[in-house]
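sequence-free structure coming up:
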């Protein structure tokens, strides 16, 4: 209970989402403020203090705010979220307050949403295989418990569908009772939010999930809080209560745009494409909250969705995300046009932690070799099809023609699995089936017995 | 009475405070009621700007600032090897920090980098009355499984004589005095050094030996000299970290300082989990025993990221002064430069290229120039070196950006990582067309003397064939593969064999992960013999198609999996075999 708080009536400027207050003699960075006006209250947060002038970002926006009519109260506290088991099944706003307007029935503790950095020496390496039921992920870009693996998507590509499919199908090792989805909608449209809602409702994820919703129509400043609130809740369930938490955050591009909006209102020097120079550190403070801790059961796996404006992988938001996360799943417009679902471009996709989650006892022995063979062969088939555009079929050698066939079988049979969930064994046999198009001597990366036994026999049978 | 001030402004990681008494630039300050660690980075009249090494959320304007009068320093001494420090030298692992180690980093905690309770057995090599100069060795302690840690007279002290020195069979903690000089100076097992000041040496030496990385593509085609600097730039997912970790595991340096500068926490964990179980191929001791890990991951405070590379360099210099070869790895320089940019932005400085401060180049130069091969101060005479391997993460994979360009100017080897290669899972994805090494000339004599002419022949064979392949590939783009002559078709295939078997190296296969220079030379020699053999046969009329059926690639790959002792024997046996089957082809 705060007995004394400091207030100021000297609002001397409003710019975008920011309010500038003077005479703030005791303001602290990140401190919560309440702005009282004749019409009601708004909440904000101190961004910067310069002498006795203080910049405050207002969560509800500044429209209709009159400097002469405001009293700014400093609350002597940073932004916190209330945590407790009763969060399950709730839909919250970006600040962690139930959207229904009703307060949480009870809570266990409060925690600042910025969290603290995880001690790198206390982390445990993520090493448990998560079966997503999507072959191109399971076999070639394996997801591991505690990983952060974003989906890079262009507009019109089915990133949401794939994320929902993963949530629906994912088999996380360990106790299924202790699996929880935290979903953060960051500046997405009502339509997209509804899609996720319906899809989670079908699978029951809605019942024991937590939903943080900041729609496109909501305040941009609150958008900066939404992923932090989501991750603080995830940390509570994972590390205090031992859940395996899957955090789906969509769309990180909107988050970064909100960051840019606030940064430009603060008149900071812009970096690439107008994004602030600290974009990397800021994104890292979110993505790095995934992981496992030594001696603690729970884990946080992140599946952020990042839109690529104009399908541009070098866009700063996409690029920096790629530098921080442990791999990426890249969606491809060409595959989409050829009618392949899920249109995952396996060559540009990558799971950095794959080697830790595969192999004997986890998936199957020889997993790495099969994956390498598929990657290398598909890369060659893409090369051959580029070459074909120039020299035509006549200019290609026998081997290159084999690769062309492999490429089309790979896309049609292996990638194009549709909405089905495939077990890792089924994914493997689909992969080997595609490889069986190639002559034996091209399959030099996989163990000889796998070439003979599985691949060949299957083809002969058909 | 200590020198105090008050906080005036707060903005991200930089705060502004006023002061009553003079302060010096880069003096350490304790900020706020929680006494967070910071460093003065600008003095402006009666106000100073301080970069704070911790998150400053919740710190109020008006809280006190204490100026300590000291520069940022680190304790150097036994116990450093095998430890994990954050960007300003606080231990992240181990039970000796005061409030213990927690899963989440609490701010404001303070701890010395060395374990002050641990005892070390000191063996003197000097006696009372001996004249000593700065840098002289007075004794040693044994660390881990036999690492000899020399105790030196700290640089900066004047010439003197030993007044008292501890006898051989006693144990000391790092703070205990083991030697007293006549000028009154007490020497303990540890010494403090300011991280931003280079440690002095007697002389810089020229490059004459390679640092052996065990990576075929690097040692053979783009070698780096002991004391040199190599830059490893690459977009995300091109394998910078795997390359850096392979180097840390297998290179023949005696001490490895690994700075995780603004990168992922899990990568540090990987090193911590894996390295203690791997044995150093050169000494047989656990790898972790030759490592100092500095972990300032991307989610840890930005200002400490800026300091971390100086900390790493100071530790490297300390071991260099013992006469050791040190490899210093920073992953990645770009994150360090971004920290610099962020702090500069908060100070409102005029930005240079891409928003980086104008002094980016000179700061980088100060860092790179601390590397090199040196004659250390003092007796007995010792040669030591620091070799830098710096990863660079250019935005969008574009090598023309300022950090890559400034690094290139300061280093001698450029190992360009290639996205296309990484996508087809060609690892290490070092582009052999773009990369270069300026040390080749300096190292020529070494290779000639130790490996002979065969080394040079192997290297030029590989170069020529890879060149030839590039040329032929562009021809194929126009006319197709079928239109090539039989000879060219073979050259093309040989190029592929070299790429897949020699240039690619499997970091996860224990037999392939590290190759000695001899083995690399034998491998190149085998490939050369293979090429000449087949070439001859094609001249005699054998068709390329017939050769394709022989599964050459698979055979060469299986050679890669043989142990070093067997390699030569197995490869010549195979070549003999091949000669026979080829002459069979001719007959048919």
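Alright, I've got the coordinates. Owing to the predicted nature of the structure, the values given are computational and were not obtained by experimental measurement.

burial measure for the residue of the stretch 401-550 of chain B found nearest chain A, as a count.
Nearest to chain A in the stretch 401-550 of chain B, going by C-beta to the nearest C-beta, is residue B:480, at a distance of 2.2 Å. Yep, even glycine has a C-beta here, placed from its N, CA and C like the rest. Using other C-beta atoms under 10 Å in any protein chain shown, residue B:480 has 20 neighbouring residues.

who are the neighbours in contact with it?
Neighbour list for residue B:480: A:387, A:390-392, A:394-396 [criterion: C-beta atoms under 8 Å, 6 or more residues apart in numbering or on different chains].

ok, and of these, which contact chain B?
Among those, the ones lying near chain B by C-beta under 8 Å from any C-beta of the partner chain are A:387, A:390-392, A:394-396.

how is the chain carved up into domains?
Let's take chain A. Residue ranges for the domains of chain A, per automatic domain parsing: A:6-78, A:81-356, A:367-461.

that's the wrong chain, I meant chain B
Chain B resolves into domains spanning B:3-72, B:76-93+B:204-448, B:120-189, B:452-587 when parsed by automatic domain parsing.

shaky segments in the stretch 301-450 of chain A?
Along the stretch 301-450 of chain A, no part satisfies pLDDT under 70.

would you map the helices across it?
With DSSP state H, counting those that start in this stretch as the criterion, the stretch 301-450 of chain A has helices at A:316-324, A:333-337, A:354-357, A:367-391, A:398-409, A:424-435, A:448-450.

with mean neighbour count added, can I get those in JSON lines?
Output for the helices of the stretch 301-450 of chain A, formatted as JSON lines (neighbours: other C-beta atoms under 10 Å in any protein chain shown):
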{"stretch": "helix A:316-324", "mean neighbour count": "25"}
{"stretch": "helix A:333-337", "mean neighbour count": "14"}
{"stretch": "helix A:354-357", "mean neighbour count": "22"}
{"stretch": "helix A:367-391", "mean neighbour count": "19"}
{"stretch": "helix A:398-409", "mean neighbour count": "18"}
{"stretch": "helix A:424-435", "mean neighbour count": "20"}
{"stretch": "helix A:448-450", "mean neighbour count": "14"}
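
need these in TSV with distance to residue B:255, can you?
Formatted as TSV, the helices of the stretch 301-450 of chain A follow (distance: least, C-beta to C-beta, whole Å):
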stretch	distance to residue B:255
helix A:316-324	28
helix A:333-337	49
helix A:354-357	28
helix A:367-391	32
helix A:398-409	47
helix A:424-435	43
helix A:448-450	43
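
which among these is found nearest to residue B:131?
Of all the helices of the stretch 301-450 of chain A, helix A:316-324 sits nearest to residue B:131, with 54.3 Å by C-beta to C-beta.

ok, the closest one near chain B or not?
Yes. Using C-beta under 8 Å from any C-beta, helix A:316-324 reaches chain B at A:316, A:319-320, A:322-324.

look up phi and psi at residue B:369.
phi -70, psi -10 (degrees, to the nearest 10).

list the contacts for it?
Contact analysis of residue B:369 by C-beta under 8 Å, 6+ apart lists residue B:410.

that one and residue B:166, how far apart?
Distance of residue B:369 to residue B:166, given as C-beta to C-beta, to the nearest Å: 37 Å.

what does residue B:325 give?
For residue B:325, the distance to residue B:166 equals 29 Å [C-beta to C-beta].

comparing these two, which residue is more hemmed in?
A direct count of neighbours by other C-beta under 10 Å for residue B:325 and residue B:166 places residue B:325 higher, at 22 against 19.

so the more buried one sits against residue B:385, correct?
Yes. Residue B:325 is within contact range of residue B:385, at 4.9 Å (criterion: C-beta atoms under 8 Å).

just to revisit the earlier point, among the residues of helix A:316-324 next to chain B, which one lies nearest to residue A:349?
The nearest one, if we look at the residues of helix A:316-324 next to chain B relative to residue A:349 and count by C-beta to C-beta, is residue A:322, at 10.8 Å.

I'd like to know how many residues surround whichever residue of chain A sits closest to chain B.
Closest to chain B within chain A is residue A:395: 2.2 Å, counting by C-beta to the nearest C-beta. Around residue A:395 there are 18 other residues, counting by other C-beta under 10 Å.

how about the nearest residue to it, chain neighbours excluded?
residue B:480 (2.2 Å; C-beta to C-beta, 6 or more residues apart in numbering or on different chains).

same deal with residue A:226?
For residue A:226, ignoring the flanking residues on the chain, the nearest one in space by C-beta to C-beta, 6+ apart is residue A:94 at 3.8 Å.

ok, that neighbour - contacts?
Per C-beta under 8 Å, 6+ apart, neighbours of residue A:94: A:59, A:212-214, A:218-219, A:222-226, A:229.

chain A contacts on the stretch 301-450 of chain B?
So far as C-beta under 8 Å from any C-beta goes, the stretch 301-450 of chain B lies against chain A at B:302, B:335, B:338-339, B:341-342, B:345, B:351, B:354-355, B:393, B:395-398, B:422-425.

centroid-nearest residue for the chain?
Just going to use chain A. residue A:304 (0.8 Å; C-alpha atoms, centre = their mean).

actually, chain B is the one I wanted.
The centroid of chain B falls nearest to residue B:329 when counting by C-alpha atoms, centre = their mean (2.1 Å).

number of nearby residues for the closest residue to residue A:29 other than its chain neighbours?
Nearest in space to residue A:29, with sequence neighbours left out and distances taken as C-beta to C-beta, 6+ apart, is residue B:10 at 4.5 Å. Residue neighbour count, defined by other C-beta under 10 Å, stands at 29 for residue B:10.

in the sheet, who's paired with residue B:10?
residue A:49, residue B:15 (DSSP bridges).

residues contacting it?
Residue B:10 makes contacts with A:27-29, A:48-49, B:56, B:59, B:61, as judged by C-beta under 8 Å, 6+ apart.

residue A:437 now?
Residues counted as contacts of residue A:437 (C-beta under 8 Å, 6+ apart) are A:402, A:405-406, A:409.

how long is stretch B:508-520 from one end to the other?
One end of stretch B:508-520 sits 18 Å from the other (C-alpha to C-alpha, to the nearest Å).

rewinding a little: any idea which of the domains of chain A is most buried?
Highest mean neighbour count of the domains of chain A: domain A:81-356, a mean of 21 (counted as mean count of other C-beta atoms under 10 Å in any protein chain shown).

end-to-end on it?
For domain A:81-356, the end-to-end distance is 34 Å (C-alpha to C-alpha).
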